[in-house]
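Q: The following comprises the amino acid sequence and a computationally predicted model.
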Amino acid sequence: MQDLMLILPPLIVFLGATALLLVDLKIADDRKETVAWIAMFLLVGALIAAVMLLYFNRTGDVLYGFSNMILTDRYAALLDIVFALIGIGVFLLTLRYNRVHQIMRGEFFVLTLFSIGGMMLMAHAANLVTIFVALEMFSIPLYVLCGVARPRLDSEESSLKYFLLGAFASGFLVYGIALMYGATGTLDIATMLKQVERGQAPLLLVIGAGLMLVGLGFKVAAVPFHMWTPDVYDGAPTTVTAFMTTATKAAGFAALVRVFLLGPGAFVGSLVSAIAILAALTMIFGNLFALAQRSVKRMLAYSSIAHAGYLLAGIASVANIGQSANAVIFYLATYAATSLAAFGVLSEIGSMNRDEDHGLERYTGLAKRNPALAWVMALALFSLMGMPLTAGFTGKYLLFQSAVSSGLNWLALLGVITSVISAFYYLRVIVHMFMKEDATVAANNEQYYVSKPSLVMMTLASVAVVALGLLPTLLLNMFA
Amino acid sequence: MIPSDYLPIGVMILLATGLACLVVLISILFGPRRRAKNPVKIASYESGMTAIGLGQRRFPVRFYLVAVLFILFDIEIVFFYPWAVAFRELGWPGFVSMLSFIGILFVGFIWVWKKGALEWETMDK
């Protein structure tokens, strides 16, 4: 019984999603909003369960369950909360976007819930097999979700690319897990950690962990495993992209934190330097490629690659493991809030125009057409840039601080330089929104309106961005 | 992890590749090498059917759907056999686990049924 309590949040999501699959059969096609609301209700339940896990385990003990396959600690509970909130935010966006784009299907919500459940399970993983199962659980629904706008070719292409490359990456991950098992004779991360701490890190373990790094690097879109990202993020429906940039990234990093920061990886020097180099490459190329993008959606895809680089810098900082893990989880939460705000604007623009064209000219003069949308977008972009007083700044500050305290000064410096480069492409969008006139707008003077659920979501996300920027201790106290 | 432990495996690999090459080589050297120019030779065997059209043709996607569904529900047997073998040892916890597994599968079955994936006539719609 206690085992089940430990994974109550994912359990609620899984059982609820399974039941929702049947409920959905009874709901008519023009009333699928009901399914969305039920799904949100389930996520609120999971949210309460996660808060309870946090509350009843105030000492922050690591509790194990299911023969040490599952654990619950503060990070797991916090990530559960992050995943549930991301899910609620995305579902609020779907109410308008999916209806306009004719992808308001019951399966959309059920699949997203299954994916969220897998991600929560990933946060609770204490065993390499659990990590693999959780990874597949959240990936397979995502492959389908990318292609949910089926007659549209972009969406189909996105789905197929993600599926083929994702399956390939899973292969790397499983091979890595097999080699790590061969090297240590266990799949339990804690046992593996003890062996490595005693100074037993055979070459086979290092190779296995390296292969795992490739598999997980694919999921979090780290350079050089990022090739799929722009096409998949661009082609998928905007609500799915919003879900993928925030939740998939958080789930991938949850696994990286478990295996590489809190697990055996942190004690193997060559792995740590490999992650540092990956972080550097990801920061540089993510930001440089983003400079050349004319589509805001593609730009945000490359921006999400760049942010994976900053997060990897946190994974490579192993001097004070607790501090780095806090920084990574904090950054994931702030990035989720920021990215959801930005994609909220994108989905509203996509609903207004009834297409998936997110060229810069679509954002020209947005401040005139709808000031609220323009300001939310500006705030999100400032936060992505790392502007002080926004959540993005605090997150980056914490990450670079842990990098410096681990002697990775060059990586922190590179992070600051690439953040400055990123200002160029973020500011370009802001200039287009506020300082340029759109001739066609002046002609028909059409105003954009924002649907209420999306407005609620964007307001909450913006408040979170400002609050975490001004008072980061609100969230950081929960780690202590 | 002494290298000499792997010697038998190395010998095995050498023998296997060597034998495979040898067999191919022998059949190239001594085998009959007459090309099938004779029309009788490439015709169907006397009790076989005469070929109609090409082997690569389009056929309805429903066959794939049925095949995929078949695999989905067939693969559960893979889980049933080990459970059945260890039925007594696993006891009630094993029974409950299997029941919840079947329960989840059953939900999927109902969904597939209600969505009309099992109706051959209306499947395309």
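A: Alright, I've got the coordinates. Numbers count the residues shown, from 1 in each chain, chains lettered A, B, ... in the order given.
Q: Only C-alpha atoms from now on, for both contacts and neighbour counts.
A: Fine.
Q: For chain A, what lies in contact range of chain B?
A: Taking C-alpha under 8 Å from any C-alpha of the partner chain as the criterion, chain A approaches chain B at residues A:Thr18, A:Ala19, A:Leu21, A:Leu22, A:Leu25.
Q: Pick the one among those closest to A:Val214.
A: Of all those, the one with the least separation from A:Val214 (C-alpha to C-alpha) is A:Thr18, at 32.2 Å.
Q: Number of residues surrounding that closest one?
A: Under the neighbour criterion other C-alpha atoms under 10 Å in any protein chain shown, A:Thr18 is assigned a count of 19.
Q: For it, what is the enclosing helix or strand?
A: In this structure, A:Thr18 sits in helix A:8-25 according to DSSP states H and E.
Q: ditto for A:Ser115
A: A:Ser115 belongs to helix A:106-123 when assigned by DSSP H and E.
Q: Now do the helix or strand following that helix, average pLDDT.
A: Proceeding N to C from helix A:106-123, the next assigned helix or strand is helix A:128-146, under DSSP H and E. Predicted confidence along helix A:128-146 averages 96 (mean pLDDT).
Q: What parts of chain B come near chain A?
A: With C-alpha under 8 Å from any C-alpha as the criterion, chain B comes near chain A at residues B:Ile104, B:Val107, B:Ile110, B:Trp111, B:Lys114, B:Lys115.
Q: Show the contacting residues for the nearest residue to A:Ala313 once chain neighbours are set aside.
A: Ranked by C-alpha to C-alpha, 6 or more residues apart in numbering or on different chains and with sequence neighbours excluded, the top spatial neighbour of A:Ala313 is A:Ala279, at 5.4 Å. The neighbours of A:Ala279, taking C-alpha atoms under 8 Å, 6 or more residues apart in numbering or on different chains as the test, are A:Ala222, A:Ala308, A:Gly309, A:Tyr310, A:Leu311, A:Leu312, A:Ala313, A:Leu411.
Q: now whichever residue of the stretch 101-250 of chain A sits closest to chain B: how far from A:Leu95?
A: Scanning the stretch 101-250 of chain A for the residue nearest chain B gives A:Glu107, at 10.6 Å (criterion: C-alpha to the nearest C-alpha). When distance is defined by C-alpha to C-alpha, to the nearest Å, A:Glu107 is 14 Å away from A:Leu95.
Q: and stretch B:32-47, how far out from the chain's middle?
A: With C-alpha atoms, centre = their mean, to the nearest Å as the basis, stretch B:32-47 stands 31 Å off its chain's centre.
Q: coming back round to it: assign the residue nearest to A:Ala313 to helix, strand or coil.
A: Look at A:Ala279: counting by DSSP: H, G, I helix; E, B strand; the rest coil, its state is helix.
Q: which parts of the helix or strand A:Ala209 falls within are buried?
A: A:Ala209 belongs to helix A:203-219 when assigned by DSSP H and E. Applying a neighbour-count criterion of 16 or more other C-alpha atoms under 10 Å in any protein chain shown, one finds A:204-219 buried in helix A:203-219.
Q: again with stretch A:219-229
A: Residues A:Lys219, A:Val220, A:Ala221, A:Ala222, A:Val223, A:Phe225, A:His226, A:Trp228, A:Thr229 are the ones in stretch A:219-229 that count as buried (16+ other C-alpha under 10 Å).
Q: Flag the shaky bits of the chain, pLDDT-wise.
A: Since you didn't name a chain, this refers to chain A. For chain A, the stretches with pLDDT under 70 are A:439-446, A:480.
Q: could you do chain B instead?
A: Judged by pLDDT under 70, the stretches of chain B that qualify are B:1-2, B:34-37, B:123-125.
Q: What segments of it are helices?
A: Counting by DSSP state H, chain B forms helices over residues B:7-30, B:39-42, B:62-74, B:76-85, B:87-114, given from the N-terminal end onward.
Q: and A:Gln31, how many neighbours?
A: You called it Gln, but residue A:31 is Arg. Residues contacting A:Arg31 under the criterion other C-alpha under 10 Å number 13.
Q: now A:Gly106
A: Counted by other C-alpha under 10 Å, the residues lying close to A:Gly106 total 24.
Q: Was I right to think it contacts A:Lys26?
A: No: no contact is recorded between A:Gly106 and A:Lys26 when judged using C-alpha atoms under 8 Å, the distance being 10.3 Å.
Q: Now chain A against chain B: closest residue?
A: Distances from chain A to chain B, computed as C-alpha to the nearest C-alpha, single out A:Leu22 as the nearest residue at 6.5 Å.
Q: Spit out the contact partners of that residue.
A: Going by C-alpha under 8 Å, 6+ apart, A:Leu22 touches B:Val107, B:Ile110, B:Trp111.
Q: For the second one, which non-adjacent residue is spatially closest?
A: Nearest residue to B:Ile110 in three dimensions, chain neighbours excluded: A:Leu22, at 7.7 Å (C-alpha to C-alpha, 6+ apart).
Q: any idea how far that neighbour lies from B:Ser97?
A: Between A:Leu22 and B:Ser97 the distance, using C-alpha to C-alpha, works out to 21 Å.
Q: and if you look at B:Phe73?
A: Using C-alpha to C-alpha, one gets 18 Å for the distance from B:Phe73 to B:Ser97.
Q: Report the contact partners of the residue in chain B positioned nearest to chain A.
A: Taking C-alpha to the nearest C-alpha, chain A has its nearest neighbour within chain B at B:Trp111, 6.5 Å off. Residues in contact with B:Trp111 (C-alpha under 8 Å, 6+ apart) are A:Leu21, A:Leu22, A:Leu25.
Q: B:Val112 and B:Leu118 touch, don't they?
A: Yes: when contacts are counted by C-alpha under 8 Å, B:Val112 is listed as touching B:Leu118 (7.2 Å).
Q: Which one's more surrounded, the two?
A: B:Leu118 (16 against 13).
Q: what sits against that one?
A: B:Val66, B:Val112.
Q: mind running it again at 10 Å?
A: When the contact criterion is C-alpha atoms under 10 Å, 6 or more residues apart in numbering or on different chains, the partners of B:Leu118 are B:Arg62, B:Leu65, B:Val66, B:Leu69, B:Phe109, B:Val112.
Q: Quick check: closest non-adjacent residue to the second one.
A: Beyond its immediate neighbours in the sequence, the residue positioned closest to B:Leu65 (C-alpha to C-alpha, 6+ apart) is B:Ala117, lying 7.7 Å away.
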